[in-house]
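Asker: Please work out how this folds:
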Amino acid sequence: MRMNRKTKISIGVIIACVLCITTYSFRDELNIITYISIVGSYASLFGIWLSYEQIKSVKEISKITQQSIEQNISEVNQYLSYSDISKTIKIIYEIENYILISKLEPALIRMRDLKLALIQISQNGRLIKEIEKQKLLKTHITNLGIDIANINEYMMNQHQLDFKVINQNLENATTYLAELESKLKFQKL
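Answerer: Alright, predicted model coming up:
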């Protein structure tokens, strides 16, 4: 059974009063030096007890603060995960627009950025279980690498390129990321 703080203080005051009354009752037999020593000893014991209570209080506050910090870090990481995924989806839209207006150089640059963003998402500690379970993100990264190589070859006029496949790969990646973002928001991965 744990005593609450008020009970502990009450017991401490009662013990201090009993000790003071006992000392006072023997005051005729004690000289002033001994009496001061006894009162000082009682005060020291009370101070030690008070210090112990303060240390326990600080320890409890420290635990609460640590839990609060961990919760805040988790919330910040979750927000950053939302942000990373949303940013990645916007990169895909940007790539699709560049391809639509036949600006392949900036599309290629953004595709490389997209590949790096997908790799970073694949290493997100909060999402890694979900990502490993589906194994689709690695497929999207591989497809993106192939698409980057194909666009490079196309720009060097080495072969024809089917942009429908690239757009389909980008749409599949967008769908996957949107689903992942929804799971992150609503299922608290």
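Asker: contacting residues around stretch 177-189?
Answerer: Counting contacts by CB atoms under 8 Å, 6 or more residues apart in numbering, the residues outside stretch 177-189 that touch it are 78, 81-82, 85-86, 88-89, 92, 121, 126-127, 129-131, 137. Heads up, the C-betas are built off the backbone N, CA and C, glycines and all.
Asker: which residue is nearest the middle of this protein?
Answerer: Residue closest to the average C-alpha location in the chain (CA atoms, centre = their mean): Ser74, at 2.5 Å.
Asker: Report the mean per-residue pLDDT for the helix or strand where it lies.
Answerer: Under the criterion DSSP states H and E, the helix or strand holding Ser74 is helix 32-100. Averaging the model's pLDDT scores along helix 32-100 yields 83.
Asker: Which strands or helices does it pack on?
Answerer: Judged by 3 or more CB pairs under 8 Å, 6 or more residues apart in numbering; DSSP states H and E, the packing partners of helix 32-100 are helix 5-25, helix 104-122, helix 163-186.
Asker: Export those to a markdown table and append columns for distance to Val58 and mean neighbour count.
Answerer: Listed next are the helices and strands packed on helix 32-100 as a markdown table, based on distance: least, CB to CB, whole Å; neighbours: other CB atoms under 10 Å:
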| stretch | distance to Val58 | mean neighbour count |
| --- | --- | --- |
| helix 5-25 | 14 | 12 |
| helix 104-122 | 40 | 17 |
| helix 163-186 | 37 | 16 |
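Asker: coming back round to it: show me which pair in the contacts of stretch 177-189 is furthest apart.
Answerer: Comparing every pair within the contacts of stretch 177-189 by CB to CB identifies Ile92 and Lys129 as the most remote, at 23.7 Å.
Asker: With neighbour numbers in mind, choose between the two.
Answerer: Comparing Ile92 with Lys129 by other CB atoms under 10 Å, the one with more neighbours is Ile92, at 21 against 10.
Asker: I'd guessed that one sits against Asp113; true?
Answerer: No - the criterion here is CB atoms under 8 Å, and Ile92 misses it with Asp113 at 10.4 Å.
Asker: average model confidence for stretch 165-179?
Answerer: In this model, stretch 165-179 has an average pLDDT of 90.
Asker: how about the CA coordinates for that stretch, as PDB?
Answerer: These are the backbone C-alpha positions of stretch 165-179, laid out as PDB (Å, rounded to 0.1, in the frame of the first residue of the first chain):
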ATOM      1  CA  VAL A 165       4.400   2.800 -69.500                       C
ATOM      2  CA  ILE A 166       6.200   5.600 -67.700                       C
ATOM      3  CA  ASN A 167       3.000   7.400 -66.900                       C
ATOM      4  CA  GLN A 168       1.400   4.200 -65.700                       C
ATOM      5  CA  ASN A 169       4.400   3.500 -63.400                       C
ATOM      6  CA  LEU A 170       4.100   7.000 -62.000                       C
ATOM      7  CA  GLU A 171       0.400   6.600 -61.400                       C
ATOM      8  CA  ASN A 172       0.900   3.300 -59.700                       C
ATOM      9  CA  ALA A 173       3.500   4.900 -57.400                       C
ATOM     10  CA  THR A 174       1.100   7.800 -56.700                       C
ATOM     11  CA  THR A 175      -1.700   5.400 -55.800                       C
ATOM     12  CA  TYR A 176       0.700   3.400 -53.500                       C
ATOM     13  CA  LEU A 177       1.900   6.500 -51.800                       C
ATOM     14  CA  ALA A 178      -1.600   7.900 -51.300                       C
ATOM     15  CA  GLU A 179      -2.700   4.600 -49.700                       C
END
